[in-house]
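Enquirer: the sequence and its predicted three-dimensional model are supplied below.
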Amino acid sequence: MSPHRWKGFSLPEALTVLAVACALIAAAAPSFALARREAALTATVNQLLGALHFARSAAILRNTPTIICLSANGRQCADSANVNSAKGWLVLESAGSRAVGGAGNSNLPLRRADLPENVAVHGSRALLTFWPTARAGTSGTFVLCSRRSPISARKVVVSQTGRPRVADAHTEDCAP
């Protein structure tokens, strides 16, 4: 009779495989972090783009001016002095024929969004107005930036006709 032999890996073999796996994971971790930041930025850009399309449609369907504004607190539109401290945006029906915003704005939001922790937004204006007539709106640009290094940025540009589009931005555009 032959002695019973165990089948499997020895301790040195298992430790070698574990060391190689740890080295591969450590090498890939920065790539995963970068991919995660890029995905958060892309998702935020798509969310803003959707909000702009929604505001444009709401203005036409409701036959009332609709605004989208940057917001520092999620309840009120930021004024032009605080446009760089925005933590999200609001879509609101405008009161009357003139878009209102700022600290006195008491309209209930049609839609609201908060920024992810590592994404910042800067706007060329505090708010944009979409009018009930097709192809009428306020032009403006929103720059969305990743707050961590390496910084990446994208622009959402709204034309005078109210059509939003995404464009690449330079990291210099991220300076408030």
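Expert: Everything's here; your move. Numbering: from 1, shown residues only.

Enquirer: element containing the nearest residue to residue 48 once chain neighbours are set aside?
Expert: Once flanking residues are discounted, residue 48 sits nearest to residue 156: 5.4 Å by C-beta to C-beta, 6 or more residues apart in numbering. Placement of C-beta: from N, CA and C, glycine included. For residue 156, the element it lies in under DSSP states H and E is strand 153-158.

Enquirer: can you pull out the helices in the protein?
Expert: 11-62 (DSSP state H).

Enquirer: centre-most residue in it?
Expert: residue 44 (2.2 Å; C-alpha atoms, centre = their mean).

Enquirer: test my guess that that residue contacts residue 117.
Expert: No: the pair residue 44 / residue 117 is not scored as a contact, 11.0 Å apart, by C-beta atoms under 8 Å.

Enquirer: quick one: contacts for the closest residue to residue 169 other than its chain neighbours?
Expert: Excluding the flanking residues, the one nearest residue 169 by C-beta to C-beta, 6+ apart is residue 153, at 3.8 Å. Residues in contact with residue 153, defined by C-beta atoms under 8 Å, 6 or more residues apart in numbering, are 41, 143, 144, 145, 146, 168, 169, 170, 171, 173, 174.

Enquirer: in the residues you listed, find the pair that's most separated.
Expert: 41 and 170 (14.4 Å; C-beta to C-beta).

Enquirer: what about the two, which has more around it?
Expert: Legend: neighbour count by other C-beta atoms under 10 Å for residue 41 and residue 170, higher for residue 41 (21 against 10).

Enquirer: ok, the more buried one - contacts?
Expert: Counted by C-beta under 8 Å, 6+ apart, residue 41 has contacts 119, 144, 145, 146, 152, 153, 154.

Enquirer: kindly recompute the last result at 10 Å.
Expert: Taking C-beta atoms under 10 Å, 6 or more residues apart in numbering, we find residue 41 in contact with 116, 118, 119, 144, 145, 146, 147, 151, 152, 153, 154.

Enquirer: and for residue 85?
Expert: Residue 85 makes contacts with 70, 71, 72, 73, 78, 120, 121, 122, 176, as judged by C-beta under 10 Å, 6+ apart.

Enquirer: let's see it at 6 Å
Expert: residue 72 (C-beta atoms under 6 Å, 6 or more residues apart in numbering).

Enquirer: pLDDT score for it?
Expert: If you check residue 85, the pLDDT there is 73.
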